[in-house]
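S.K.: My questions are about this predicted structure, shown below with the sequence.
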Amino acid sequence: MSDFQARTFRAVLLRDDGQVPRVLTLPTEVDVPPNRIRVPADFAGASAFEVFELADERRWPEEATYRLVSTIPRSTEDVSDPRGSSWDLDDSDGSRA
């Protein structure tokens, strides 16, 4: 039987829009805070996630503070069409059989 006990920490999520900080209790299996946390969110009515980056770890391992750095849509319908860019999503060599 394992003597592993799940550890948790408080992640304080700060936004730039003046909203009250959101506090989450998250599990941790390492001795340092994660550099980034992704949280489910809505963006213009679509499913997305917000990315928060570590801003202050002085109260670790009990707490770490994160700042919002971006919101990323989850749906490919919310992203521009890659065919017009330099992305190569086709694994063929362009020849037709």
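M.R.: In hand now; what should we look at?

S.K.: Can you tell me which helices and strands the lowest-mean-pLDDT helix or strand in the chain packs against?
M.R.: In the chain, no helix or strand scores lower on mean pLDDT, DSSP states H and E than strand 36-43, which sits at a mean of 91. When contacts are defined as 3 or more C-beta pairs under 8 Å, 6 or more residues apart in numbering; DSSP states H and E, strand 36-43 sits against strand 7-14, strand 22-28, strand 46-56, strand 63-73. (Each C-beta comes from the backbone N, C-alpha and C, glycine too.)

S.K.: Okay, and the beta partners of the residue nearest the centre of the chain?
M.R.: Centroid check for the chain by C-alpha atoms, centre = their mean gives R38 as the closest residue, at 2.0 Å. Listed by DSSP bridges, the beta-bridge partners for R38 are V51.

S.K.: The chain should start at 24 in everything you say after this.
M.R.: Understood, numbering begins at 24; the last thing we discussed is R61.

S.K.: In JSON lines: the helices and strands packed on strand 59-66, plus distance to P57, mean pLDDT and mean neighbour count.
M.R.: Below are these laid out as JSON lines (distance: least, C-beta to C-beta, whole Å; pLDDT from 0 to 100; neighbours: other C-beta atoms under 10 Å):
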{"stretch": "strand 30-37", "distance to P57": "8", "mean pLDDT": "96", "mean neighbour count": "16"}
{"stretch": "strand 45-51", "distance to P57": "8", "mean pLDDT": "95", "mean neighbour count": "12"}
{"stretch": "strand 69-79", "distance to P57": "7", "mean pLDDT": "94", "mean neighbour count": "17"}
{"stretch": "strand 86-96", "distance to P57": "8", "mean pLDDT": "95", "mean neighbour count": "17"}
